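> dropping the sequence and predicted coords here.
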Amino acid sequence: MIVVLSGPLHSGKTNFLRRALARWQERGHQVSGYLSIAVSGDSGVEYDLLDLRDGRLRPFLTRKPIPGAESCGPFYFVPGALEQARAIIAAARPDELLVVDEVGPLELAGGGVWQALHAVVSRPGLRLLLVVREDILEDVVARLGPAGVMTFDIKDPSAEQLVESCLFGTRKLDDCQG
C-alpha cells in the first residue's frame, strides 16, 4: 500500500508527520524511514536527515557545492547521507511503515533515492508513506504506477485521521481516496 501526503512547498508536511509519527509509535506501530528536517545554514535553509529507526540526525541537503554530488535546484545531497537514505529504504520490512520525506524532482529523473524506492514499492505487505509536493504529485503517482496509490492533501483538516486509518487498517482501501 502506498499513501502519498502532498501539499505546497513549506506547507507543514514534515511537521505534520513528526506529530503523527509520535502518536503512531506511542500506539505501538513500527516505523522506519526518514524525515528531511529544515535547519538554518550559512546560505539559508538546508536539510538534515532524521533516521526514524534510531533518531539520529545528519546533514542531508546543503547549498554548498559538493563536487560530484547529486544536486537538485540550489541543493547538493551530502553523499554519505544520500547513501544512508537509500539504505534505510532498502532495509524496509513488511511489519513496519516506511516513511520517505520526500520524493522530489530528482527522483522523477531517476536520481536521489528513486532506485531504492522503486525496488521496494512492490514488496508484499509493505506500507509506504511518501511526501510529495503538490506541483509534482501527478508525475510521481504516474511513475509509481496506477495500482494502490492513495493521495491525501495536507490542507485537508481530516488528513491525519484519514492517513492513519488507511495505513493501520481502520478503513477499507476503497474508502482511502483522499
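Nice, I can see it. Everything quoted here is computed from the prediction, not taken from an experiment. Numbering: from 1, shown residues only.

> strands of the protein, start to end?
Using DSSP state E, the strands found in the chain span residues 2-7, 31-41, 44-51, 57-62, 71-72, 75-77, 97-101, 127-133, 149-153.

> any idea which of those is most buried?
Highest mean neighbour count of those: strand 97-101, a mean of 25 (counted as mean count of other C-beta atoms under 10 Å). Any C-beta I mention is one placed from the backbone N, CA and C, and that applies to glycine too.

> quick one: that strand to strand 44-51, angle?
If you take axes from the mean of the first three to the mean of the last three C-alpha atoms, to 10 degrees, strand 97-101 sits at 170 degrees to strand 44-51.

> adjacent strands (with direction) for strand 97-101?
strand 31-41 (parallel), strand 127-133 (parallel) (DSSP bridges).

> circling back: nearest to Ala109, of the strands of the chain?
Put simply, out of these the one that sits nearest Ala109 is strand 71-72, at 8.4 Å, with distance taken as C-beta to C-beta.

> run through who's touching the closest one.
Contacts to strand 71-72, defined as C-beta atoms under 8 Å, 6 or more residues apart in numbering, come from residues Pro65, Phe77, Gly104, Pro105, Leu106, Gly111, Gly112.

> ok, the fifth one to Leu52 distance?
Spelled out, it's Leu106. For Leu106, the distance to Leu52 equals 21 Å [C-beta to C-beta, to the nearest Å].

> which of the two has more neighbours?
More crowded of Leu106 and Leu52, by other C-beta atoms under 10 Å: Leu52, with 22 against 18.
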